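J.: Sharing a model that was predicted from the sequence below.
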Amino acid sequence: MKTLQIVPALDQGGVERGVVEMNRVISSEGWRNTVVSSGGRLVAQIERDGGRHVALDVKGKNPLTCLSRAAALRRVLEGERPDVVCVHSRVPAWLFRIANRGLGLKWITFAHGVNSISPYSRVMTAGDLVVTPSRFLADYLKAAYGTPEERIRVIPRAIDAARFDPSRLDMEFVGRMKREWGVENSRVVMGLGRITQLKGYDILIHAARYLKATHEAARVKTPAYKFVIVGEAEEGRRKYAAELVALAERLGVKDDVVFAGAQSKVAECLSIADVVVSANYRKPESFGRSMAEALAMNRPVVATAFGGALDIVKDGVNGALVAKMQGEPPEERAVAFANAIRCVVHSKFGDLRSDALERFSFGRMAKASLDVYRELAAKGAAGGKGDGR
């Protein structure tokens, strides 16, 4: 069995981590797995785990180079002749459709995000099978593009139970971060993920101001709130990151909000939190793996009640859902989040980890993915051809 994955780049992010994880699973099955990307820090991991990496520009959006890049991809496809091709983003999907003309290779589109409805985005429904990480996204594609249910497979993203295990932490790192962030005697509210406008970090900063004001007004001796944002800004978003820093200073909470940058020990970071918040309100996430990972670390989650969060967060059971507000200013959204954060911090929850591992186990995800690969490969062996929808 030969599989080929196409992903724009192999740097940070949930999609990239998923490709790395599945490369490990596929290689352990004795299959040949090739990953095509424009490169990145995770390439070495792909190769260490037994996969092969081919560097091609499958990320750039310049239409003038589209045909030459598709031709380069076609040469890879002709050389590999994979049984199944897995495509993880729109640019790679368009390049593959062009490169696959006349080859008839079977392919799966992995629709990871809630993209705007357009002919450009429709390509993510063009695979022989379409995999989504949540029921929410499956229904979105069906409504937007009429994608038939029989071509859709819902496979939630997985939690690495060994990596996100409260009993297996680097406690030296935990202690060092607590001191560095100045949170040893605080209630820690954490936002996790790369810094973009979609993450709602501006809402977190406004919520920090509200909670600080109410805490000071109450004149209580309980610990104050400290907000920690774990994630870095890519080159094109560094201006926005600077705007967030300026916002915290303008609102008088620069000492209450920590910009922790990218961290490799995510489980250890989550263990420091009292509550993890997904304050995204602009565009729903298709899944939100950091929310599931937080639950695996026994940390409750506060999230906007839309998108993939609805598949993960159970209001009042493992956290809180905040109603999505239409057209409300950030200050009003922040008040709703602040109240939910305060409620969750003062609530007692049971064993969040067991339920999270049951619903989002890595073994379940890996088996379901391999079953989809086998299903499509069997159709190809039976004589079917990729239809290039």
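T.: Now that the structure is in, tell me what you want to look at. Numbers count the residues shown, from 1 in each chain.

J.: what's the span of stretch 147-157, first residue to last?
T.: One end of stretch 147-157 to the other measures 21 Å (CA to CA, to the nearest Å).

J.: Which residues belonging to that stretch are considered buried?
T.: The neighbour-count check on stretch 147-157 (16 or more other CB atoms under 10 Å) flags 147, 151-157 as buried. All C-beta spots, glycine's among them, are computed from the backbone N, C-alpha and C.

J.: Stretch 158-167 now?
T.: Neighbour-count burial for stretch 158-167, counted by 16+ other CB under 10 Å, picks out 158-161, 164-165.

J.: Provide a list of residues in contact with Ala366.
T.: For Ala366, the contact set (CB atoms under 8 Å, 6 or more residues apart in numbering) comprises 21-22, 25, 158.

J.: now Val253
T.: 205, 208-209, 212, 227.

J.: ok, back up a step: any idea which of the buried residues of stretch 147-157 is the one closest to Gly113?
T.: Arg157 (12.3 Å; CB to CB).

J.: Could you check how far that closest one is from Glu285?
T.: When distance is defined by CB to CB, to the nearest Å, Arg157 is 11 Å away from Glu285.

J.: just Ala323 next, same as before
T.: Going from Ala323 to Glu285 by CB to CB gives 16 Å.

J.: just Gly380 next, same as before
T.: Distance from Gly380 to Glu285, by CB to CB: 32 Å.

J.: Which one's more surrounded, the two?
T.: Glu285 (28 against 18; other CB atoms under 10 Å).

J.: how about low-confidence regions in this protein?
T.: Counting by pLDDT under 70, the ranges of the chain that qualify are 382-389.

J.: Kindly state the domain boundaries assigned to it.
T.: With domains defined by automatic domain parsing, the chain comprises 2-158+361-381, 171-357.

J.: Following the strand or helix carrying Ile229 in sequence, what is the next regular element?
T.: Ile229 is located in strand 225-230, with elements delineated by DSSP states H and E. Using DSSP H and E, the helix or strand that directly follows strand 225-230 along the chain is helix 238-250.

J.: What is that next one packed up against?
T.: Judged by 3 or more CB pairs under 8 Å, 6 or more residues apart in numbering; DSSP states H and E, helix 238-250 is in contact with helix 201-218, strand 257-261.

J.: Taking strand 225-230 as reference, get the angle to the last one.
T.: Right, the one you point to is strand 257-261. 20 degrees (axes from the mean of the first three to the mean of the last three CA atoms, to 10 degrees).

J.: Could you check the angle strand 257-261 makes with helix 201-218?
T.: 140 degrees.

J.: tell me which residues of strand 257-261 are tucked away?
T.: Using 16+ other CB under 10 Å as the test for burial, strand 257-261 gives 257-260.

J.: what angle do it and helix 238-250 make?
T.: Using the same axes, to 10 degrees: strand 257-261 against helix 238-250 is 160 degrees.

J.: Could you identify the helix or strand that succeeds strand 257-261?
T.: Downstream of strand 257-261, the next assigned helix or strand under DSSP H and E is helix 266-272.

J.: right, and Leu204 touches Val228 too?
T.: No: counting by CB atoms under 8 Å, Leu204 does not reach Val228; the two are 9.6 Å apart.

J.: what touches both of these two?
T.: With CB under 8 Å, 6+ apart, Leu204 and Val228 have common neighbours 189, 191, 257.

J.: Closest one of these to Val344?
T.: Proximity of the shared contacts of Leu204 and Val228 to Val344 (CB to CB) peaks at Val189, which lies at 9.5 Å.

J.: who does the helix or strand that closest one falls within touch, helix- and strand-wise?
T.: With secondary structure defined by DSSP H and E, Val189 is part of strand 187-192. Strand 187-192 is packed against helix 201-218, strand 225-230, helix 266-272, strand 275-278, helix 289-296, with contacts defined by 3+ CB pairs under 8 Å, 6+ apart.

J.: between the ones you listed, which one is nearest to Arg41?
T.: Here helix 266-272 is closest among those (CB to CB), at 15.0 Å.

J.: who touches the closest one?
T.: Contacts with helix 266-272, where a contact means CB under 8 Å, 6+ apart, come from 163-166, 169-170, 173-174, 177-178, 181, 183, 188, 190, 192, 228, 230, 260, 263, 276, 290, 293-294, 297, 299.

J.: again with stretch 146-154
T.: Under the criterion CB under 8 Å, 6+ apart, residues 125, 127-135, 138, 141-142, 368, 372 lie in contact with stretch 146-154.

J.: Among the residues you listed, which ones are in helices?
T.: Mapping these onto helices (DSSP state H) picks out 135, 138, 141-142, 368, 372.

J.: Quick check: buried residues in stretch 254-272?
T.: 254, 256-260, 263, 266-272.

J.: Centre of the chain to that stretch, how far?
T.: Centroid separation for stretch 254-272 versus its chain: 17 Å, with CA atoms, centre = their mean, to the nearest Å.

J.: can you give me the end-to-end distance of it?
T.: Start-to-end, stretch 254-272 (CA to CA) is 20 Å.

J.: doesn't Ala161 fall inside a helix?
T.: No: Ala161: not assigned to a helix; according to DSSP: H, G, I helix; E, B strand; the rest coil it is coil.

J.: From Arg364, how far out is it?
T.: Taking CB to CB as the measure, Ala161 falls 11 Å from Arg364.

J.: and the strand holding Val189, how far out from the chain's middle?
T.: The answer for strand 187-192 is 17 Å, by CA atoms, centre = their mean.

J.: partners of it in the sheet?
T.: strand 225-230 (parallel), strand 275-278 (parallel) (DSSP bridges).

J.: now the first one and helix 289-296, what's the angle there?
T.: Here strand 225-230 points in a direction 130 degrees away from that of helix 289-296 (the same axes, to 10 degrees).
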